[in-house]
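# Here's a sequence, model it:
(one chain, ligands or ions: 1)
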Amino acid sequence: MSLHLSIDFEDVAHDQKRDLGLWETGPLRLDALWHSYEQIDGFLARHGGPRGRHATFFCTGILASQAPDLIARIAADGHEVCCHYYFHDEMDHQQIGTVRDMLKRARDILQDASGQPVRGFRAPKFRIDRQGAEQYRAVEEVFRYDSSFPTGNLNDVEAWRRLCGLETLQILPIFTGRIAGRRLRLGGSYLKLFPGWVGRSLLTQAEAAGFAPHVYLHPYEFVSGGAFRLSAADLRPLGLRKSLLRRLRQHQWHTIGNRGLPAKLAGLVPAGGLAGRLCDGPAKVACG
Ligand SMILES: [Zn+2]
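This next block holds a predicted model:
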């Protein structure tokens, strides 16, 4: 069995403020980002095994702009640096001209900071337009592979590639399975909040469906001190009701299950360790 780990490396505090209209952009929480990176890298050192010491990090361009030294460190430690768009925006709501600009801008700044070719892409929240082919074609112009496609059936991937007329872009899908009637993905809050057997069951389903499974997680899931939490003062402009709801919702991301996540993830790692960077395996592109 092979299992890859990928990280959507983003500052959720910055990105939520942008989503909520509290700012367009501003300073990132650099200490929290460095600390969470060290937690992830430490996890890989302890549990990754001989092939899985390194993983793939899908990083936002804004992170490369404010913390190029952190991107350089991720690359220098041997991990694969990929692209998670420039801002953590929902691409499917954006015009194609904006999408093209942001894809190139993000790729270029990540390449400059990492000193590596950046070949893989994942859309924030997997929100890339699937009503039409334009956005996927724009991704193909800039990247070699995409990991924004959640599905339970590999036939969907080839059908989508044909429909879009994609020629060079590989799609590495994120497995979506069914448990007790609910559709669940192999990663993120699903992994963190549900008991360990749910992750193991999704992994078994993924393999049975012919997937090269991989788990995706975020920096904030590896820390438990609330370093990425928005404060009452941050949220005040939203008004009382909205800000209270948002503060409750944040527990799901920053508190519940965070302490137990490393042990739960370690329980999914196969006996021989993790399978390494996506470029080492299913992406079939030369690493480095
Ligand atoms: Zn993300």
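# Check what pLDDT the nearest residue to Leu154 once chain neighbours are set aside gets.
Nearest residue to Leu154 in three dimensions, chain neighbours excluded: Gly210, at 5.4 Å (C-beta to C-beta, 6 or more residues apart in numbering). Just so you know, the C-beta spots here come from the backbone N, C-alpha and C atoms, and that holds for glycine as well. Looking at Gly210, its pLDDT stands at 94.
# Doesn't Arg183 lie inside a strand?
Yes - Arg183: assigned to a strand according to DSSP: H, G, I helix; E, B strand; the rest coil.
# Would you check that it makes contact with Gly177?
Yes - assessed by C-beta atoms under 8 Å, Arg183 is found in contact with Gly177 at 7.4 Å.
# which of the two has more neighbours?
Neighbours per residue, other C-beta atoms under 10 Å: of Arg183 and Gly177, the larger number sits with Gly177, 21 against 11.
# burial count for the nearest residue to the more buried one once chain neighbours are set aside?
With C-beta to C-beta, 6+ apart as the criterion, Gly177 has its nearest non-adjacent residue at 4.2 Å, and that residue is Gln205. The local packing of Gln205 (other C-beta under 10 Å) involves 19 other residues.
# Okay, now the unreliable bits of this protein?
Residues of the chain that meet the criterion pLDDT under 70 lie in 286, 288.
# all helices of it, in order?
With helices called from DSSP state H, the chain shows them at 12-19, 30-47, 61-66, 68-76, 96-114, 134-142, 154-164, 188-193, 196-208, 232-235, 240-254, 261-268.
# Which one, of those helices, ends up nearest to Ile128?
Set against Ile128 and scored by C-beta to C-beta, the helices of the chain come closest in helix 134-142, at 5.2 Å.
# From the contact counts, what lies against that closest one?
Secondary-structure packing of helix 134-142 (3 or more C-beta pairs under 8 Å, 6 or more residues apart in numbering; DSSP states H and E): helix 96-114, helix 154-164.
# And the longest one, what's buried?
Think helix 96-114. By neighbour count on 16 or more other C-beta atoms under 10 Å, the buried set for helix 96-114 is 99-100, 102-103, 105-111, 113-114.
# Show the contacting residues for Pro124.
Taking C-beta atoms under 8 Å, 6 or more residues apart in numbering, we find Pro124 in contact with Asp8, Glu10, Asp15, Thr60, His84, Tyr85, Phe87, His88, Asp89, Glu90, Met91.
# Adding distance to the ion and neighbour count, write those out as CSV.
What follows is the contacts of Pro124, written out as CSV (distance: C-beta to the ion, whole Å; neighbours: other C-beta atoms under 10 Å):
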residue, distance to the ion, neighbour count
Asp8, 4, 25
Glu10, 5, 24
Asp15, 7, 21
Thr60, 8, 26
His84, 6, 28
Tyr85, 8, 29
Phe87, 11, 19
His88, 5, 23
Asp89, 10, 20
Glu90, 11, 15
Met91, 11, 22
